[in-house]
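In: sequence and predicted structure are below.
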Amino acid sequence: MASDKEAGWPVRIWAAIGGGLVALVGLALTAGGGWLVALQGSPYYLLAGAAVAVTGVLLVRRHPAAGFVYAATLGATLGWALWEAGVVFWPLLPRLFAPAVLGVFVLLVIPTAPKGRMRNQAGLAVAVLSLVCLAVLGSALPATFTWGQAESPAAVRSGAAPAAARSDWRYYGRDPGGTRYAPVDQINRENVDGLKVAWTFRTGEKPNLGSQDQDTPLQVGDMVYVCTPTNVVIALNADTGKEKWRHDPHVKPSFWNRCRGVGYWDAGDAKPAPAAKAAAAKPAPAPAAEAAKPAEAPPACQRRILSSTINAQLFALDADTGRPCPGFGKDGMVDLKVGMGEVKSNYYFQTSIPTVVGDRVIIGGWVMDNRELAEPSGVVRAFDVKTGELAWAWDIGAPGTTKLPPEGESYTRGTPNVWSTPAFDPELGLVYLPTGNATPDYWGSHRTRASEAYSSSIVALDAETGRERWSFQTVHHDLWDYDVPSQPMLINFPVDGGTAPALVQLTKRGQIFVLDRRTGKPLTRVVEVRVPGGAQLGEWVYGTQPYSVEMPTVGVEPLSEEMMWGATPLDQLACRIQFRKARYDGDFTPPGDKSRPSLQFPGNAGGMNWGSGAYDARRGLLIVSDVRMPQTVALLPADKPDPRLAQIKDRPPPSLKAVAYKTHNFFMLSPIFAPCLQPPHGMLTAIDVKTREIVWSVPAGTAEAEAPLGLKSGLPIPIGTFGLGGPVTTAGGVTFRSATTDPYLRAYDNATGKELWKARLPVASASTPMTYVSPVSGKQYVVVTAGGSMLSRERGDYVIAYALK
């Protein structure tokens with residue numbers, strides 16, 4: 001080896017700097033690897049770190065053996081990576097890419113060693129092994145572009161209903177049963193790639209970090225109705241996007257501004273009595289004098305838009321003019337805080353759609369999570385759609401209170417709420433409520449028997465009277481914020497001997513429950529499975545939980561250390577340490593504490609969420625989107641117990657001492673804010689309801705808008721991204737979805753899951769699209785709102801319609 005005198009000072013300095021940096025990387029891996037081994041984790045990082053550190057020391061000394069040591073490290077890394085991850089691109093990326101790049105850096109330092117055969121061979125060894133690592137990684141890349149697609153396409157069922165010529169989108173899920181299925185096929189698998197922007201409208205909504213546009217527009221006839229996060233309702237021409245009217249309730253933005261849509265009522269939809277039907281069939285001829293009279297203008301508000309607000313108001317607007325309907329409440333508005341008792345600012349309001357059933361508008365509410373005990377009531381109420389008069393109330397803590405509570409009292413505080421959107425069956429006269437859990441989300445020893453009975457459930461009420469008909473619970477004594485977020489889907493479900501009227505319920509847990517919607521009894525087998533115990537002092541855990549064992553589960557593969565991810569080996573190591581430090585015993589691991597947090601997977605964002613699913617009735621496919629992001633959960637004692645704890649009566653038996661806790665729950669991320677769970681982080685999945693098997697499951701979204709430190713990679717590689725908005729599907733065999741971190745509206749082939757088309761949006765979308773056929777032009781449109789994703793600060797105010805040329 002050359003002496004310092006024989007080498008110039010620039011060479012010596014470069015060797016010291018380059019080798020020192022490599023040694024630092026090695027020392028970091030060694031220290032972290034030792035910690036991981038102490039936690040009974042993989043020894044790879046300790047061994048690889050030591051080898052990299054040795055490489056760095058040899059580089060500082062300008063010894064050519066540095067290359068051989070690092071080449072051997074690369075070879076061992078390649079073998080370990082393939083053993084742990086297989087030939088799969090995203091799991092291999094942090095295991096191989098950074099080590100190969102470090103190999104290139106080592107190559108730049110090796111020339112500081114003395115010239116000779118050994119130096120050349122060392123450099124060659126590092127170059128070859130670096131290229132091999134990159135080649136293996138590259139060989140795994142093509143499969144990501146067909147990831148999860150069906151090998152055998154799903155076919156249209158025999159006897160499937162033909163497509164319709166036109167279809168309105170009158171409800172949040174297009175129909176009362178929330179199927180998000182449009183029976184039209186003007187846009188189909190063969191021509192969807194010809195979609196172009198037909199019109200664009202900007203609402204004028206000002207950007208606000210507390211706002212997110214989650215609106216699914218409504219369409220009736222030649223009008224499209226949209227709402228902004230601050231509840232401005234705007235009517236647009238269905239063919240041109242031109243504004244017809246707007247109603248601004250002038251609400252003050254808060255930290256949580258959402259409007260997922262509006263409700264619609266039409267006086268002409270009311271079912272006449274049999275005698276009236278007979279009279280309508282044979283109308284008596286009008287006298288000539290009467291026939292000569294000029295036609296009178298129709299009375300106002302024969303068609304109404306029902307809109308709730310983030311300050312707990314309910315408006316009835318004339319669907320033709322946007323003016324508040326006289327005679328509805330006070331000046332067209334009902335104050336939803338009446339009967340609620342104390343309502344602190346931002347502690348109670350509505351984010352989901354008012355559900356219009358006949359002449360009733362049914363509404364629940366969102367309450368602030370994890371702030372207090374005895375927060376505002378989760379009462380569900382129905383109002384007369386014409387007068388705004390309270391028709392009924394369902395208060396689980398006071399079943400005898402069927403309208404307003406007694407004077408001086410309020411609806412029962414702290415009860416499970418209904419923040420998502422119900423579905424209803426007009427033939428059975430039932431409305432189906434997806435319930436949340438009693439606050440706070442992660443502590444439950446204070447809950448009443450009534451709250452325990454109805455938390456995280458589906459409850460069927462008589463839509464006319466509000467009286468309960470049946471209930472089904474998806475989680476017992478919910479300590480995980482696993483409230484029921486998705487709108488129930490009402491379909492005809494295949495059973496032995498034919499079909500049965502079913503309710504399909506998607507959950508945050510990834511479980512799919514299928515119930516007879518007449519009785520609430522499961523149509524597919526549900527079993528109680530024993531789950532882990534070991535709650536915090538003063539809390540208790542229910543011994544078993546319900547699992548839907550005859551339907552596929554979506555996105556709930558148990559976590560392991562090998563599944564931990566990150567952008568580089570260093571932050572992947574940090575994620576592995578985080579995993580080993582936490583308590584994880586499966587999907588019902590009780591909440592942890594500061595000394596040992598728990599891992600929750602699926603997290604409280606799902607699984608499935610408010611975006612709900614879609615049902616392709618022609619192929620018998622249930623199409624769902626899900627999120628796959630674990631969370632760390634720790635309960636920390638609050639500064640002082642909530643004084644209202646003593647006011648809660650009818651608590652469950654044993655002598656459990658309820659303690660007030662603060663909850664710390666965060667997505668599991670690396671130190672540079674990369675997800676700690678390997679991709680995918682969001683999928684779109686199709687399930688055959690007859691075979692009850694997954695047909696295809698494809699990643700939703702690319703890595704284009706994702707990178708560590710909140711940056712954007714620009715890589716158009718499918719990865720499956722976070723997004724809560726759901727899919728819609730059509731008789732044309734196409735499913736549309738837009739809720740991804742990258743800014744695109746996409747169309748997927750229902751038969752295979754293949755992406756057929758995508759259109760770039762001005763900003764990402766967090767909403768669920770919709771589609772309709774205009775009665776004026778006869779043209780089918782696909783409409784989406786784009787206001788920015790939950791994980792981005794970028795905001796917009798766009799409503800965009802696409803159509804074929």
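Out: Everything's here; your move.
In: would you mark the buried spots in stretch 409-417?
Out: Buried residues in stretch 409-417, counted by 16 or more other Cβ atoms under 10 Å: 410, 411, 412, 413, 414, 415, 416, 417. In short, each C-beta sits where N, CA and C put it, glycine included.
In: and the fifth one, what does it touch?
Out: In other words, residue 414. Residue 414 is in contact with 373, 374, 375, 377, 438, 439, 447, 448, 451, 648, counting by Cβ atoms under 8 Å, 6 or more residues apart in numbering.
In: please apply the same query to the third one.
Out: In this structure, residue 412 makes contact with 377, 379, 395, 396, 397, 398, 450, judged by Cβ under 8 Å, 6+ apart.
In: mind listing the strands for the stretch 351-500 of the chain?
Out: 355-357, 360-363, 366-367, 380-384, 390-394, 423-425, 430-434, 457-462, 468-473, 489-495, 498-506 (DSSP state E, counting those that start in this stretch).
In: chain center to the first one: distance?
Out: It stands for strand 355-357. 24 Å (Cα atoms, centre = their mean, to the nearest Å).
In: quick revisit: TSV please, covering the strands of the stretch 351-500 of the chain and showing distance to residue 772, mean neighbour count and mean pLDDT.
Out: Shown next, in TSV, are these (distance: least, Cβ to Cβ, whole Å; neighbours: other Cβ atoms under 10 Å; pLDDT from 0 to 100):
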stretch	distance to residue 772	mean neighbour count	mean pLDDT
strand 355-357	18	24	97
strand 360-363	22	24	98
strand 366-367	28	24	90
strand 380-384	28	23	98
strand 390-394	30	21	98
strand 423-425	20	25	98
strand 430-434	25	27	98
strand 457-462	29	23	98
strand 468-473	33	18	98
strand 489-495	20	21	97
strand 498-506	24	21	97
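In: out of the ones you listed, nearest to residue 763?
Out: Ranking the strands of the stretch 351-500 of the chain by proximity to residue 763 (Cβ to Cβ) places strand 366-367 first, at 24.6 Å.
In: paired strands for that closest one, with orientation please.
Out: strand 348-349 (antiparallel) (DSSP bridges).
In: averaged pLDDT, the partner strand. What do you get?
Out: When pLDDT is averaged over strand 348-349, the result is 90.
In: sorry, back to before: closest to residue 172 out of the contacts of residue 414?
Out: Nearest member of those to residue 172, counting by Cβ to Cβ, is residue 377, at 23.5 Å.
In: ok, for that closest one, nearest residue in space, not its chain neighbours?
Out: Closest residue to residue 377 apart from its sequence neighbours, by Cβ to Cβ, 6 or more residues apart in numbering: residue 411 at 3.6 Å.
In: next one: phi and psi at the one you found?
Out: Phi and psi for residue 411, reported as degrees, to the nearest 10, are phi -60, psi 150.
In: so it makes contact with residue 401?
Out: Yes. The criterion here is Cβ atoms under 8 Å, and residue 411 meets it with residue 401 at 6.9 Å.
In: find residues that contact each of those two.
Out: The contact sets of residue 411 and residue 401 overlap at 393, 395 (Cβ under 8 Å, 6+ apart).
In: before we move on, back to that, contacts only, for the residue nearest to residue 377.
Out: Here residue 411 is in contact with 339, 340, 341, 377, 379, 393, 395, 397, 398, 401, 405 (Cβ under 8 Å, 6+ apart).
In: distance to residue 32 added to these, as TSV?
Out: TSV is the format used below for the contacts of residue 411 (distance: Cβ to Cβ, whole Å):
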residue	distance to residue 32
339	57
340	52
341	52
377	49
379	52
393	57
395	54
397	51
398	56
401	58
405	58
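In: ok, so of these, who is nearest residue 733?
Out: Using Cβ to Cβ, residue 379 comes nearest to residue 733 of the contacts of residue 411, at 42.5 Å.
In: quick one: neighbours of that closest one, just the number.
Out: Using other Cβ atoms under 10 Å, residue 379 has 26 other residues around it.
In: does it really touch residue 399, like I thought?
Out: No. If you go by Cβ under 8 Å, residue 379 and residue 399 don't touch, sitting 11.6 Å apart.
In: please enumerate the strands of the stretch 501-650 of the chain.
Out: 512-516, 526-530, 544-548, 592-593, 598-600, 614-616, 621-627, 631-637.
In: skipping its backbone neighbours, what lies nearest residue 715 in space?
Out: Leaving aside its chain neighbours, residue 715 sits nearest to residue 703 (4.4 Å; criterion: Cβ to Cβ, 6+ apart).
In: these two touch, right, the one you found and residue 740?
Out: No. In this structure, residue 703 is not within contact of residue 740 by Cβ under 8 Å, at 10.6 Å.
In: any common contacting residues for those two?
Out: Contact criterion Cβ under 8 Å, 6+ apart; residues bridging residue 703 and residue 740 by contacting each: residue 721.
In: those two: who's more crowded?
Out: Between residue 703 and residue 740, counted using other Cβ under 10 Å, the more crowded position is residue 740 (30 against 23).
In: which ones are touching the nearest residue to the more buried one once chain neighbours are set aside?
Out: Nearest residue to residue 740 in three dimensions, chain neighbours excluded: residue 701, at 3.1 Å (Cβ to Cβ, 6+ apart). Shown in contact with residue 701 (Cβ under 8 Å, 6+ apart): 682, 718, 719, 720, 721, 723, 740, 741, 742, 744.
In: that older thread, among the contacts of residue 412, which are in helices?
Out: residue 450 (DSSP state H).
In: now pLDDT too, for the contacts of residue 412, in CSV please.
Out: Below are those laid out as CSV (pLDDT from 0 to 100):
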residue, pLDDT
377, 93
379, 97
395, 97
396, 95
397, 94
398, 95
450, 93
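In: hmm, back to that, and of the contacts of residue 701, the nearest to residue 547?
Out: residue 682 (23.0 Å).
In: poorly predicted segments of the stretch 201-350 of the chain, please.
Out: Scanning the stretch 201-350 of the chain for pLDDT under 70 picks out 270-298.
In: redo that, cut-off 50
Out: Counting by pLDDT under 50, the stretch 201-350 of the chain contains low-confidence residues at 272-292, 294-295.
In: do the same with the chain
Out: 1-4, 272-292, 294-295, 642, 644-659.
In: nearest approach to residue 165 belongs to which of the strands of the stretch 351-500 of the chain?
Out: Among those, strand 489-495 sits nearest to residue 165 (Cβ to Cβ), with 22.7 Å.
In: mind giving me the packing neighbours of that closest one?
Out: Contacting strand 489-495 under the criterion 3 or more Cβ pairs under 8 Å, 6 or more residues apart in numbering; DSSP states H and E are the following elements: strand 423-425, strand 498-506.
In: tabulate those (CSV), appending distance to residue 170.
Out: Listed next are the helices and strands packed on strand 489-495 as CSV, based on distance: least, Cβ to Cβ, whole Å:
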stretch, distance to residue 170
strand 423-425, 13
strand 498-506, 20
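In: what is the nearest of the contacts of residue 412 to residue 691?
Out: residue 396 (37.9 Å).
In: which of the contacts of residue 414 are buried? Put it as a PyMOL command.
Out: With 16+ other Cβ under 10 Å as the burial test, the buried ones among the contacts of residue 414 are selected in PyMOL as follows:
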select buried, resi 373+374+375+377+438+439+447+448+451+648
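In: from the contacts of residue 414, pick the one nearest residue 465.
Out: Distance to residue 465 across the contacts of residue 414 (Cβ to Cβ) is lowest for residue 377, with 19.3 Å.
In: residue 450 versus that closest one, what's the distance?
Out: 11 Å (Cβ to Cβ, to the nearest Å).
In: same check, this time on residue 729
Out: Counting by Cβ to Cβ - residue 729 and residue 450 are separated by 38 Å.
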